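In: next comes the sequence, and after it the predicted model I'd like to discuss.
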Number of protein chains: 2
Amino acid sequence: MLEGLVMNDYPLTIQHILDRMRRQSGDAQVISLRPDGTKTRARYRDCAERIDRLCGGLAALGVKEGDRVGTFAWNSQEHLETYFAVPCMGAVLHTINLRLFPEQIAYIINHAADRVIFVDDSLVPALEAVVEDLTTVEHFVLIGDGSAGTLPNVVRYEDLLTGNEPFVYPAIDERQAAGLCYTSGTTGNPKGVLYSHRSNVLHSLAECLHDSLDIRAGDRVLPVVPMFHANAWGLPYACGLVGASLVMPGRFLQPEPIARLIEEERVTIAGAVPTIWMDLLAYADEHKPDFSSLRVVPCGGAAVPLTLMQGFEERHGVTMVQCWGMTEMSPLGSCAREPAGVVGPERWDYRATAGKLAPLVDARIIDDSGAELPWDGVSPGELQVRGPWVASRYYESPSEDHLDGSWLRTGDVAAITADGYVKITDRAKDVIKSGGEWISSVDLENEIMAHPDVLEAAVICMPDDRWTERPLACVVRRPGTNTTPADLREHLLPRVAKFWVPESFAFIDGVPKTSVGKFDKKALRARLDDGTLTVSVAGPATT
Amino acid sequence: MLEGLVMNDYPLTIQHILDRMRRQSGDAQVISLRPDGTKTRARYRDCAERIDRLCGGLAALGVKEGDRVGTFAWNSQEHLETYFAVPCMGAVLHTINLRLFPEQIAYIINHAADRVIFVDDSLVPALEAVVEDLTTVEHFVLIGDGSAGTLPNVVRYEDLLTGNEPFVYPAIDERQAAGLCYTSGTTGNPKGVLYSHRSNVLHSLAECLHDSLDIRAGDRVLPVVPMFHANAWGLPYACGLVGASLVMPGRFLQPEPIARLIEEERVTIAGAVPTIWMDLLAYADEHKPDFSSLRVVPCGGAAVPLTLMQGFEERHGVTMVQCWGMTEMSPLGSCAREPAGVVGPERWDYRATAGKLAPLVDARIIDDSGAELPWDGVSPGELQVRGPWVASRYYESPSEDHLDGSWLRTGDVAAITADGYVKITDRAKDVIKSGGEWISSVDLENEIMAHPDVLEAAVICMPDDRWTERPLACVVRRPGTNTTPADLREHLLPRVAKFWVPESFAFIDGVPKTSVGKFDKKALRARLDDGTLTVSVAGPATT
């Protein structure tokens, strides 16, 4: 091997991103919506100087390279500062999902062995509830002017920034750990995904490409997605790399404050899960906010209903791009843009998919026998992925459940088209096989949600004597409407294969959601099993 | 150190780019303008299959990992195929600058120890002229249907693709060498820059970003810049990564065929050095071709005259972006786009600079004493850079001339503004220091070329008894005009500092150019020294 050693052995680290924020994009800003409804603004050059001092403060607390430092906080300037200070000093940023159950919160803090935890004052009670169970935490750092309650060993954030020696950044190897995020697995204990400096930098580059999220200098990016959820999709690092400003919503994830932030801050890119956008669409239909500044609205974390994308585009002129990924993928896997030159209704055929794989992400489709399937758009199997920002295993976990060699088993069932569009038909545990034929619950949900009287729909599998399995449509009706199973079947018949049309419907008040806003079909299946779901049967199955 | 080992140890290699061309962008095309004026088209999926067979053919010739394989060719589909086959089989692609002097061509082939050379049939005579001096070449591969002349051991390109065993690609380490390009240094022997797989992949990602060249799926990219010049600015690899089509002009670099290619192929991005664009602008002003498909025209390799950018934008609606780089930088260093929100004439203040550094490129300004200067926009010194696609040393060369630790000494004199815009004032060897004050030859040339009667202008330094050095303006007048030194001084007086205005002018027929199209000031200085430059003196120096 002839090594290309004449090229500089320059490491890919978050320190470089911090340096760009300081020197290349010093005038870009982080804008934070505060609990009292006011907004604060800080320039990146000033944040960088505060980050230097924060590193000094953490070093004074005894934090060393490799130590884990937790955050229990909404999206804010201070949270952004920890995103850079902790990895740039060589420690590991553990973003704690504050929507987990208390036992899970205690579990992941102990599993990560966090030595310090940053906590928003508004979130102190949630930590107080578990503090007795924490075995490794030595200090809490309180963000905000509120009370620390009964938490021990508390230092206020701003105090941590004062009176320290000038901090000297260590040399960092690009494969060194930078961040830790636990998956909100619905079974067993959460599992940790340990990001490296290299994986974060490469993810940032790929995420900013036009065919990904198209982030550029001068953009004003609103991560509605929380910073405790897969690094807010990597947006803080991506924005730092290219010099885009960040608009931080704090705990205000409701339609009215989000719409107001978009209007007032002339947001150009805003990212959130579908449930947030569904609420915002309903709000926008009624209140007609000014969304003219928005250039791209990436949406992901769960399948994006076509009606949602069409509603934003047709009624509000907003281009929503469906993205697919996982915490295990940092999280970007793919983005759905139509090919150049495709216009008119045909573009929705592409936009409704999970899209094309980001550069540096490989994928393959594996059938039940372990064989690789062709990319023909119609052969579904388990989607497996690999790449420099895709996990190969979990942090301090013997579990190899999700691995097949170096490939990550995503648990999604998908086909890939000849031109590389990934079509996810189901989560592996959500698939419905009726009379030997697959029914895609995702596609079926999309078609049901296209009915004007339907707010949300989740399709789960129910046992069937004749067909082994049949779909059960759990439907949330729009207030004031009274759609019947017969209406919905009539709506579906021209839209999907006849054998897909459910005969069983359950009208529910809302689809239960997981801690990250995905449809919680496990909860629906539990209600079906324990008989608390009222099922209306419309007629016989296909004959 | 806590290693982020849970992330996949996925290497950054050109094999991944090839895989994307095959499976993600199979319908993208390479269009080649052939010597007979016809065009051929091939889809990336078909090129990929031909590349597989080309690897087999090279293996059959005995090419092994680490071996150097040369190309002596214009931009074409076949040249593109070698760009992928050679590095993907683990060998090293040496793109030979066919504009070098014969002795230099023989020198770099022997220095690289090329075992095989691909040659366009139209270029056979140039190789014949040096073939006796080549000590390592075992085979010539002839592209095209023409004659191989007296070259020995010739195999035709298409024959190399047939009858081989299916090729099995080796595993490649990302730091393995991928490509070799010699600088066209004006002094001493050319020096080799050895690119790695990693450097090429990272460069491709950064080059495609919006704030760089903004390359995306569906683009139609015309590299007028030759593939033997810094990998055609990395465009072939960048286009492969994101799925943009390539339009290859072959040897047709004149205004008429380039304009026709842009029109006929609806080119969206076209890259070339300023001299090419100056000729094209004159052509376009006269013939008014349809340039409406062009979205970005990157221009670099030499300082870009402001009048050139303004002419394309104001008269033809084409956005030209000045880029700066070097062969030693793969070559992208920076791109000049105005900040978001800057409109009107003020934007030219930004567009006229070398622009902002690409992500992952670090820079510093060093004064004569070795001290680092502040980024204040007015403190010029030597520009030094480093980054993962910046060379740390030359291939098989003891020369450390260009290095200061891990930093590459660019030989450019520049200042950097507080917001990160690089303003290159001169090549280190071109600087003019008059009465203790710097005069920027680049800025002065720009202002002289803004005169309507001036086609080109190159400013060099001439000795002066009173001021030590004074600028000498070498001016090419537009045909039919007869501008005088007094006219030019009157034109300059309101535009630059009074002491910048030259009193000495030389009216010449054309500015001599280097092999890569840059102003050859060394040649002008030689003419000044040997008295063959007729200098008109307009009046006394500033008083």
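Out: All right, it came through fine. Because the structure is a prediction, the values reported are computed rather than measured. Numbering: from 1, shown residues only, chains lettered A, B, ... in the order given.
In: for residue A:152, give me its contacts.
Out: Contact analysis of residue A:152 by Cβ atoms under 8 Å, 6 or more residues apart in numbering or on different chains lists A:131, A:140. Yep, even glycine has a C-beta here, placed from its N, CA and C like the rest.
In: spatially nearest residue to whichever residue of the stretch 301-450 of chain A sits closest to chain B (excluding sequence neighbours)?
Out: In the stretch 301-450 of chain A, the residue found nearest to chain B is residue A:340; the distance is 2.4 Å by Cβ to the nearest Cβ. Nearest non-adjacent residue to residue A:340, counting by Cβ to Cβ, 6 or more residues apart in numbering or on different chains: residue B:218, 2.4 Å away.
In: quick check: that neighbour touching residue B:243?
Out: Yes: contact criterion Cβ atoms under 8 Å: residue B:218 and residue B:243 qualify, at 7.3 Å.
In: of the two, which one has the most company?
Out: residue B:243 (26 against 20; other Cβ atoms under 10 Å in any protein chain shown).
In: thinking again about what came up before, show me the contacts for the residue nearest to residue A:340.
Out: Residue B:218 sits in contact with A:339-341, B:243-245, where contact means Cβ under 8 Å, 6+ apart.
In: of all those residues, which comes closest to residue A:531?
Out: The closest of the contacts of residue B:218 to residue A:531 turns out to be residue A:339 (Cβ to Cβ; 48.4 Å).
In: name the nearest residue to that closest one, sequence neighbours excluded.
Out: Among residues not flanking residue A:339 along the chain, residue B:218 sits closest, at 6.1 Å (Cβ to Cβ, 6+ apart).
In: assign a three-state SS to the one you found, would you?
Out: coil (DSSP: H, G, I helix; E, B strand; the rest coil).
In: run through chain A and note the low-pLDDT ranges.
Out: Within chain A, the ranges that satisfy pLDDT under 70 run A:1-5, A:184-188, A:398-404, A:436, A:516, A:539-543.
In: biggest helix in it by residues?
Out: Secondary structure of chain A per DSSP state H: the longest helix is helix A:44-60.
In: quick one: the helix or strand just after that one to helix A:44-60, angle?
Out: Using DSSP states H and E, the helix or strand that directly follows helix A:44-60 along the chain is strand A:68-72. Computed by axes from the mean of the first three to the mean of the last three Cα atoms, to 10 degrees, the angle separating strand A:68-72 from helix A:44-60 equals 120 degrees.
In: helices or strands up against strand A:68-72?
Out: The contact analysis (3 or more Cβ pairs under 8 Å, 6 or more residues apart in numbering or on different chains; DSSP states H and E) places strand A:68-72 against helix A:77-88, strand A:92-95, helix A:102-112, strand A:116-120.
In: list the contacts of that strand.
Out: So strand A:68-72 is contacted by A:58, A:63, A:79, A:82, A:86, A:91-96, A:98, A:109, A:112-120, A:123, A:126-127, A:137, A:180, A:227-228 (Cβ under 8 Å, 6+ apart).
In: near chain B, from those residues?
Out: Applying Cβ under 8 Å from any Cβ of the partner chain, the subset of the contacts of strand A:68-72 adjacent to chain B comprises residue A:92.
In: of the contacts of strand A:68-72, select the buried ones using a PyMOL command.
Out: Paste this into PyMOL to select the buried members of these, with burial taken from 16 or more other Cβ atoms under 10 Å in any protein chain shown:
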select buried, chain A and resi 58+63+79+82+86+91+92+93+94+95+96+98+109+112+114+115+116+117+118+119+120+123+126+127+137+180+227+228
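In: what residues does the stretch 51-200 of chain A have near chain B?
Out: So the stretch 51-200 of chain A meets chain B at A:65-66, A:90, A:92, A:173, A:175-178, A:192-199 (Cβ under 8 Å from any Cβ).
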